[in-house]
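Student: Mind folding the following:
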Amino acid sequence: MGEFLLNNLSDFWNLTGFANASATGLIMILVGILFIYLAIRHGFEPMLLIPIGFGILIGNIPFDTNAGLEIGVYEEGSVLNILYQGVRQGWYPPLVFLGIGAMTDFSALISNPKLILVGASAQFGIFAAYMVALLLGFEPNQAAGIAIIGGADGPTAIFLSSKLSPNLLGAIAVCAYSYMAMVPLIQPPIMRILTTQKEKLIRMKPPRAVSQTEKIIFPIVGLLLTCFVVPSALPLLGMLFLGNLLKESGATRRLADTAKGPLIDSITILLGMTVGASTQASEFISWSTLGIFFLGLVAFIIATTSGVLFVKFFNIFLNKDNKINPLIGNAGVSAVPMSARISQNVGLEYDPTNYLLMHAMGPNVAGVIGSAVAAGVLLGFLS
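Tutor: Numbers count the residues shown, from 1 in each chain. The predicted structure is shown next:
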């Protein structure tokens, strides 16, 4: 009897996390705790970092992979693996875009269409990072998945990498969402360095009033124009413009409220948790992961720099009354509305009465469209 109990205790011990712990797994658990700390203590995008951080904890609880428990995110048939299929198969990103469309007011872009160019210019970071990744030896499909991080759009990064580079999906997703959360740290120094005192004080004309008819027409025309050019972006842009039409039509308020409320909240929880869980140390920690984080940072810096410099260049051709404040150039990345708020906050540092938020929302929502188009271009060439 005593030997039997000892064997049971020994078997129990071998199944515990203590017996199966590894140094790399413990490191990832500390990373998850750091994400949660930054989200709660410093307010770094808690709706993203808390689910991702807790997902990292879930994904790195050590267990005996040979015990047939079917609990890991990479074990076929496990609950976590089934939930993770929404990431691997690209189901979650279009649903997120549906919610974004239902929350987004395109008035700033409609009232000042030239801001589309500012949003488009920021996508240069994606293609520049693609070239750098190729030079560093990544395969074209992998380079495309990494480069899309420069758009600062987590759902788009997940959608593209799930199609082109699924083996790097976890690293790309965590990197994309990490840099989205670090927008307040990365962008302001670049904006301050690249703009003069005079440029920081530029006051833009108030945006004109946009009619309800224009708001209804915009998602229809936007869908036709973008998806006729880049059909491969249809899953993302189709859902984005559908969500916006639900919002602006005035006839589907309940559907719009569902898309921008319970639906996107539910998908955000599942997306963040499963992305975090995919960082299982045995699959995640590698030199290629470090390379992805480095290239993601390069892409994000290039995208921010491109947006600001494009506005400075564009102002050469605009008369004095129509000049654009270069501080809204950073908003060309599609971190909505974070990067637009950064434009506002940095602008207020130099002139407490110069409100740039509504102006910055123009290139910000254009950046959402632009990153989806860029992803469609890369998917069309490389799939």
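Student: In the stretch 1-150 of the chain, mark out all the helices, start to finish.
Tutor: In the stretch 1-150 of the chain, the segments counted as helices under DSSP state H, counting those that start in this stretch are 2-15, 17-20, 23-41, 46-59, 79-88, 92-103, 107-111, 115-121, 124-135, 140-147.
Student: cool, the stretch 151-300 of the chain as well?
Tutor: 154-164, 169-181, 183-194, 197-200, 212-229, 234-248, 253-258, 264-277, 281-284, 287-314.
Student: Any buried residues in the fifth one, and which?
Tutor: For helix 212-229, the neighbour count (16 or more other C-beta atoms under 10 Å) marks K215, I216, F218, P219, G222, L223, T226, C227 as buried. C-beta: built from backbone N, CA, C; applies to glycine.
Student: ok, back up a step: most neighbours per residue, which of the helices of the stretch 1-150 of the chain?
Tutor: The highest mean neighbour count among the helices of the stretch 1-150 of the chain belongs to helix 140-147 (a mean of 26), with neighbours defined as mean count of other C-beta atoms under 10 Å.
Student: nearest residue to G101 other than its sequence neighbours?
Tutor: Closest residue to G101 apart from its sequence neighbours, by C-beta to C-beta, 6 or more residues apart in numbering: G243 at 2.6 Å.
Student: separation between that neighbour and G145?
Tutor: When distance is defined by C-beta to C-beta, to the nearest Å, G243 is 25 Å away from G145.
Student: again, but for I267
Tutor: With the distance defined as C-beta to C-beta, I267 ends up 21 Å from G145.
Student: swap in T258?
Tutor: T258 is 31 Å from G145, by C-beta to C-beta.
Student: Over to G272?
Tutor: With C-beta to C-beta as the criterion, G272 and G145 are 19 Å apart.
Student: show me where pLDDT drops low in the stretch 1-150 of the chain?
Tutor: Scanning the stretch 1-150 of the chain with the threshold set as pLDDT under 70 gives 1-2, 4.
Student: Can you report how many residues neighbour the residue nearest to G101?
Tutor: Neighbouring residues of G243 were enumerated by other C-beta atoms under 10 Å; the total is 27.
Student: which ones are touching it?
Tutor: With contacts defined as C-beta atoms under 8 Å, 6 or more residues apart in numbering, the neighbours of G243 are F97, L98, G99, I100, G101, A102, M103, T104, A256, A259, K260.
Student: hang on, isn't the first one packed against M239?
Tutor: To tie it back to what came earlier, the one meant is F97. Yes: between F97 and M239 a contact is recorded at 4.3 Å, counting by C-beta atoms under 8 Å.
Student: returning to that earlier point: closest to G362 out of the contacts of G243?
Tutor: Of all those, the one with the least separation from G362 (C-beta to C-beta) is T104, at 11.6 Å.
Student: That closest one reaches V368, doesn't it?
Tutor: Yes: in terms of C-beta under 8 Å, T104 counts as a neighbour of V368; the distance is 7.4 Å.
Student: Comparing these two, which shows the higher neighbour count?
Tutor: It is V368, of T104 and V368, that has more neighbours when counted by other C-beta under 10 Å, with 27 against 23.
Student: Skip the chain neighbours and tell me the closest residue to the more buried one.
Tutor: Beyond its immediate neighbours in the sequence, the residue positioned closest to V368 (C-beta to C-beta, 6+ apart) is S334, lying 4.2 Å away.
Student: The one you found and F300: what is the separation?
Tutor: In this structure, S334 lies at 11 Å from F300, with C-beta to C-beta as the measure.
Student: who touches both of T104 and V368?
Tutor: The contact lists of T104 and V368 share L240, V336, where a contact means C-beta under 8 Å, 6+ apart.
Student: what's the burial count for the closest residue to T195 other than its chain neighbours?
Tutor: If you skip the residues right next to it in sequence, T195 has P326 as its closest partner in space, 4.8 Å away by C-beta to C-beta, 6+ apart. For P326, the neighbour count with other C-beta under 10 Å is 25.
Student: what's P326 in contact with, if anything?
Tutor: In this structure, P326 makes contact with M191, L194, T195, E199, K200, I202, V308, V311, K312, N315, judged by C-beta under 8 Å, 6+ apart.
Student: Filter these down to the buried ones, PyMOL style.
Tutor: In PyMOL, a selection of the buried entries from those looks like this (16+ other C-beta under 10 Å):
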select buried, resi 191+194+195+199+200+202+308+311+315
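Student: nearest to A128, of the contacts of P326?
Tutor: Distances from A128 to the contacts of P326, taken as C-beta to C-beta, are shortest for V308 (14.7 Å).
Student: Which residue, other than its chain neighbours, is closest to the closest one?
Tutor: In space, V308 comes closest to G329 once its chain neighbours are excluded; the distance is 3.7 Å by C-beta to C-beta, 6+ apart.
Student: just checking, that neighbour touches A360?
Tutor: No: in this structure, G329 sits apart from A360 without contact. The criterion is C-beta under 8 Å, and the distance is 9.1 Å.
Student: Between those two, tell me which one has more neighbours.
Tutor: Each of G329 and A360 had its neighbours counted (other C-beta under 10 Å), and the higher figure belongs to G329 (33 against 29).
Student: who's in contact with that one?
Tutor: G329 neighbours (C-beta under 8 Å, 6+ apart): 118, 121-122, 191, 304, 306-312, 363.
Student: sorry, back to before: now for the contacts of G243: which two are most distant?
Tutor: Using C-beta to C-beta, the contacts of G243 span at most 14.0 Å, a distance reached by F97 and A256.
Student: hmm, back to that, which one of the helices of the stretch 1-150 of the chain lies closest to K320?
Tutor: Nearest to K320, of all the helices of the stretch 1-150 of the chain, is helix 115-121, at 18.2 Å by C-beta to C-beta.
Student: And that closest one, what does it pack against?
Tutor: helix 107-111, helix 287-314, helix 357-382 (3 or more C-beta pairs under 8 Å, 6 or more residues apart in numbering; DSSP states H and E).
Student: Out of those helices, which is the most enclosed?
Tutor: Of those, helix 357-382 is the most buried (mean count of other C-beta under 10 Å), at a mean of 26.
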